[in-house]
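Novice: coords please:
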Amino acid sequence: MTTAAILVLRGLLVLITAGLLAAQGFLIPSFAAQMAYGYPEVSYLQVPFAVVAVVIVVCAEVVVGCIWLLLSRVRLDRIFDASAFPIVDAVIASLLVAATLFAGMFGYMFIVVGDNNPGVALIQLAGGIGGFTLALLMLVMRSLLQRATQLQHDLSEVV
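Specialist: The predicted model follows:
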């Protein structure tokens, strides 16, 4: 991977992080207040769901930070090293936590409350399915990284 591509990716990660921080500080509290005002029957969920949404954003920030670390390893040509596995494991764990929280919010609104705003339900459902899908994809990528690391190690012993 070229240095230019890594720099562009890092720039995009900075923009994503700025967006995530804006969501944490402004968008989530504002959206939660609007939903509580528009749907007074579930206004008691304003604070708990806002906290869950902030935790989901923190999970996304962890993923962005891990990608930054992995890009550093690629730049230094140290990606095929066993010390990269905990970084990938952190990505998988963050995705699973976020997906579980999305699914939990959807389940609570669908089962307990029995009603859900269609737009919010779609976001919750997409977040849950998307998070679990990405976690499984990262699990496959981790096994490929593990295999490539083993091959790199075997090749270094031969040379």
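Novice: show me what contacts the spatially closest residue to Arg78 that is not a sequence neighbour?
Specialist: Spatial nearest neighbour of Arg78, excluding adjacent residues (CB to CB, 6 or more residues apart in numbering): Ala84 at 7.6 Å. To be clear about C-beta, it is placed using only N, CA and C from the backbone, and glycine gets the same treatment. Taking CB atoms under 8 Å, 6 or more residues apart in numbering, we find Ala84 in contact with Leu70, Arg73, Arg78, Leu145, Thr149.
Novice: Where does Ala84 sit: helix, strand or coil?
Specialist: Secondary structure for Ala84, judged by DSSP: H, G, I helix; E, B strand; the rest coil, is helix.
Novice: so what's the spatially most central residue of the chain scoring on pLDDT?
Specialist: Closest to where the C-alpha atoms of the chain average out (CA atoms, centre = their mean) is Ala60, at 3.5 Å. pLDDT recorded at Ala60 is 97.
Novice: quick one: it and Ser83, what's the gap?
Specialist: Ala60 sits 23 Å away from Ser83, going by CB to CB, to the nearest Å.
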